[in-house]
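S.K.: with the sequence up front, the predicted model follows.
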Amino acid sequence: MIVFFQACLNGLLTGALYALIGMGLALIFGVMRIVNFAHGAFLMVGMYVSYVLFDHFGIDPYLGFIAAGLFLFLFGQLIYRFLIRPVRDRSDFMQILMTTGIALILTDGAQLIFGADYHQVNIPLVNRTLRFGAFAATAASLLSFVIATVLIAGLYLFVTRSLTGQALRAIAQNIEVAQLVGIDVTRIQGLSFCLGIALAGIAGGLLLPALYLFPSVGDDYTLKAFVMVVLGGMGSIEGAALGGLLLGVSESLTSLYLGNQWALAVDFAVFLVVLSLKPSGILGRQRT
Amino acid sequence: MHCRRPAGLLGTLVSAALLSGLLGCSQPGGDSTRIGVITSLTGSQAAFGAAHKNGYLIALDEINAKGGVLGKKVELNFYDDQSKPDQAVQGVSKLFDQDHVPVILGSYSSESTKAIVPSVIQRQVPLMIPTATADNVLDSKSPWVFRICAGAGDYARTTVEFLKSSGAPKTMAIVYENTNFGQSNMRAMSEAAKAAGITLVAVEPYEAKSPDYKAVLQRVKQANPEVIYFCSYLLDAGTLMRQAHEVELNPKYYTSAGTGFAAAEFPTPKGAAKNAEYTFSVSQWLPESRWPGAKEFDAEYVRRTKSHPAYHAIEAYEALQVVVQAINVARTLDRATIRGAIRNLDLRSTPFGPIKFDANGQNQHPVMITQVLGGRYHVVYPADVADAKPVIPTPPWSQR
């Protein structure tokens, strides 16, 4: 039984990072309906920013992730203005092409600059294991979890309580009425996009101590992020967070009881089952 | 938008292609002999590719200092497969179809090597495999394919012999990466363990590049094996040992099929650091090996790179030496003659031990068992080449 709860704990710790990634995409895809196939690539950029800060300046990734987030927020302004805005109102296919292109350029650019080598970051926190009774977790993953939770809570409060956040949700509900009501849709969508990829970058920075770094590290996460967003319900940020936690726990339990090779398959199986029972996702509402 | 007349554009493209094709073809002959090398200079196996390259370059300088081959200097055409099998296959095409090399060395990993075997057989060019240990790379039994290192079968049999002679454990778990290297080493160990009466209590594949192997290790812990046999590359070896520490996995023996667990970086902070201590690994060679030239190779490697070589480097070194020797004996760059010369080689003392290829192209190379003690690899088996006694059982994590 202890083993079961330990696996759930591990799953939640990983799931919190997944939730960050998912919420980021929820802001972009769920709210803005921009099909962002470059989400994983932005995560990779965040990882590299953290890595460079660690390698050259000795800045701990648990501080560096802030810089990663800021960098991506500013980078996002440029990307949104020149690349995303022109395709914002076009067909999904155009957006897929554009964001896939961005992903390719970012990934190959990283390979050009940093090489295809894999890099690992070894900080003391990663080797420090904390034990609570029968349960254990590394100090690093606990810290990641705490940071991720704070960010998720902060984002949730922002989206539900602040005026900008409510404008965001208004756009997600019905874009024409939002415009009629006087919301500056372009500005809010830009903000949403930058915030979304900043979250991906932060998740990347927090993943750096746990995973190793290489140019195509983000590819798997793009797909998982879409699963989380749709699973959680389109337009629902909390849903995406829940989706992330659910995926984390399901992967951990699957690895424990069935074997690691089934984890990804079960992710998608869960996805299919939930959607067939509730097509709008866990916390989704039917769109008007 | 009107379409321009396609003929003009097509004509330009065709001429450009022809021109680049002509320019791309290198002239055979000239004033140096080119030998093709495929290895992983970038990508997940870049660390091993670098070891390869250093080994090849040391051999190259020695060979050219002695006059090269057939009176000409030797040049190596390196092709980087980026640790990807499909790129390795492209390398064969580039090295043979374009550069017309008479012989190819490589690649690094079992996955990439298995991928290039059909290509070299089809083109009838001799292939010398320096480090790929999966047994299936020699499945084709083609006379064009040779391997200088010992294979997965030898790894498994030697590990089992060592275990029988030091405590004779009864239960084992195999944890392996889900690739050609991992699967073939798992199969080899499954056979060897069964033949020796060791029960396999867990056989766990894992997908590489995951951040979290704790669930896999937890499953192994529940099976309570006395021995764990890992088949992993470097980065996963580091992560696995760190997380084994985290879940408090304490078998009596941590053994492995070399590779990640035998890389030069493994006992250092770039690898598993202190978590590497007490792990056993198979090894094909150590700098302290009592073969003539081993110490000198180690000294030269340290002079160039400031670190000691693992066996991957000397396998590359020896592969090139053997190939050049064969060309010198054959006295020609004709590929079939070179192939015959390699087959007939019987080198009694090289820095990598005796070299003789059997009917399948396999060199009969002895395997040793090493243990990380005090942050360094020490040979602990067989007794006649050991330089330290093995520490058994492995102290539990909480007591370290």
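M.R.: Sure thing, it's come through. Residues are numbered from 1 along each chain as shown, chains lettered A, B, ... in the order given.

S.K.: for chain B, what are the nearby residues on the stretch 101-250 of chain A?
M.R.: Applying C-beta under 8 Å from any C-beta of the partner chain, one finds that the stretch 101-250 of chain A approaches chain B through A:115-118, A:120, A:122, A:126-127, A:129, A:136, A:138, A:207, A:210-212, A:214, A:217. In this view, the C-beta of every residue, glycine as well, is placed from N, C-alpha and C.

S.K.: secondary structure class for the residue in chain A that chain B sits nearest to?
M.R.: For chain A and chain B, the shortest gap (C-beta to the nearest C-beta) falls at residue A:255, measuring 3.3 Å. Assigned with DSSP: H, G, I helix; E, B strand; the rest coil, residue A:255 falls in the helix class.

S.K.: list the buried ones in stretch A:61-78?
M.R.: In terms of neighbour count (16 or more other C-beta atoms under 10 Å in any protein chain shown), stretch A:61-78 has its buried residues at A:61-62, A:64-65, A:67-69, A:71-73, A:75-76.

S.K.: all strands of chain B, in order?
M.R.: For chain B, the strands defined by DSSP state E cover B:32-39, B:73-80, B:104-106, B:127-129, B:145-147, B:171-177, B:199-206, B:227-231, B:253-256, B:280-283, B:368-373, B:376-381.

S.K.: residue ranges with poor pLDDT in chain B?
M.R.: Across chain B, residues meeting the criterion (pLDDT under 70) sit at B:1-30.

S.K.: near chain A, which residues of it show up?
M.R.: That would be B:42-44, B:46-47, B:82-83, B:178, B:204-207, B:209-216, B:218-219, B:222, B:235, B:238-239, B:242, B:245-248, B:269-270, B:273, B:275, which are the residues of chain B within reach of chain A (C-beta under 8 Å from any C-beta).

S.K.: which of those residues fall within helices?
M.R.: Counting by DSSP state H, the part of the residues of chain B next to chain A found in helices is B:46-47, B:214-216, B:218-219, B:222, B:235, B:238-239, B:242, B:245-246.

S.K.: ok, and the most crowded of these?
M.R.: Tallying neighbours with other C-beta atoms under 10 Å in any protein chain shown puts residue B:214 at the head of those, with 31 neighbours.

S.K.: which residues touch the worst-scoring helix or strand of chain A on mean pLDDT?
M.R.: The helix or strand of chain A with the lowest confidence, counting by mean pLDDT, DSSP states H and E, is helix A:124-127 at a mean of 77. Residues from elsewhere that reach helix A:124-127 (C-beta atoms under 8 Å, 6 or more residues apart in numbering or on different chains): A:62, A:138-140, A:143, A:209-210, B:242, B:245, B:273, B:275.

S.K.: including distance to residue B:111, could those residues go into CSV?
M.R.: Shown next, in CSV, are the contacts of helix A:124-127 (distance: C-beta to C-beta, whole Å):
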residue, distance to residue B:111
A:62, 35
A:138, 31
A:139, 36
A:140, 31
A:143, 36
A:209, 28
A:210, 25
B:242, 25
B:245, 29
B:273, 28
B:275, 26
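
S.K.: from chain A, how far out is the nearest residue to residue B:149 once chain neighbours are set aside?
M.R.: In space, and not counting its chain neighbours, residue B:149 is closest to residue B:315: 5.1 Å by C-beta to C-beta, 6 or more residues apart in numbering or on different chains. Summarising the geometry, the distance separating residue B:315 from chain A, computed by C-beta to the nearest C-beta, to the nearest Å, is 21 Å.

S.K.: hmm, residue B:55 and residue B:315 touching each other?
M.R.: Yes - between residue B:315 and residue B:55 a contact is recorded at 7.0 Å, counting by C-beta atoms under 8 Å.

S.K.: coming back round to it: among the buried residues of stretch A:61-78, which are located in helices?
M.R.: Filtering these for membership in helices, criterion DSSP H, returns A:61-62, A:64-65, A:67-69, A:71-73, A:75-76.

S.K.: tell me the buried residues in stretch A:204-223?
M.R.: Under 16+ other C-beta under 10 Å, the buried positions of stretch A:204-223 are A:204-218, A:221-222.

S.K.: for chain B, which residue occupies the most central location?
M.R.: Note on chain B: the residue nearest the mean C-alpha position is residue B:131, at 2.5 Å, using C-alpha atoms, centre = their mean.

S.K.: was I right about that residue contacting residue B:316?
M.R.: Yes - between residue B:131 and residue B:316 there is a contact under C-beta under 8 Å: 7.3 Å.

S.K.: rewinding a little: among the buried residues of stretch A:61-78, which one lies nearest to residue B:377?
M.R.: Top of the list for closeness to residue B:377, among those and by C-beta to C-beta, is residue A:61 at 30.6 Å.

S.K.: quick revisit: tell me how many other residues surround the residue nearest to residue B:149.
M.R.: Using other C-beta under 10 Å, residue B:315 is surrounded by 29 other residues.

S.K.: can you pull the contacts of it?
M.R.: With contacts defined as C-beta under 8 Å, 6+ apart, the neighbours of residue B:315 are B:55, B:130-131, B:148-149, B:284-285, B:352.

S.K.: so which of the residues you listed sit within helices?
M.R.: Helix and strand membership here follows DSSP H; of these, those in helices are residue B:55.

S.K.: and the contacts of residue B:315, which is closest to residue A:156?
M.R.: After measuring the contacts of residue B:315 against residue A:156 - C-beta to C-beta - the closest member comes out as residue B:131, at 51.9 Å.

S.K.: look up how far chain A lies from the closest one.
M.R.: Relative to chain A, residue B:131 is positioned 18 Å away (C-beta to the nearest C-beta).

S.K.: who's in contact with that residue?
M.R.: Contact analysis of residue B:131 by C-beta under 8 Å, 6+ apart lists B:48, B:52, B:108, B:149, B:312, B:315-316.

S.K.: walk me through the domains of chain B.
M.R.: B:32-150+B:290-344, B:153-283+B:368-399 (automatic domain parsing).

S.K.: how about those in TSV, adding distance to residue A:80?
M.R.: Rendered in TSV, the data for the domains of chain B read as follows (distance: least, C-beta to C-beta, whole Å):
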stretch	distance to residue A:80
domain B:32-150+B:290-344	32
domain B:153-283+B:368-399	30
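
S.K.: out of these, the one nearest residue A:162 is which?
M.R.: Put simply, out of the domains of chain B the one that sits nearest residue A:162 is domain B:153-283+B:368-399, at 33.2 Å, with distance taken as C-beta to C-beta.

S.K.: which non-adjacent residue is nearest whichever residue of chain B sits closest to chain A?
M.R.: Ranked by C-beta to the nearest C-beta, the top residue of chain B for proximity to chain A is residue B:215, at 3.3 Å. Nearest residue to residue B:215 in three dimensions, chain neighbours excluded: residue A:255, at 3.3 Å (C-beta to C-beta, 6+ apart).
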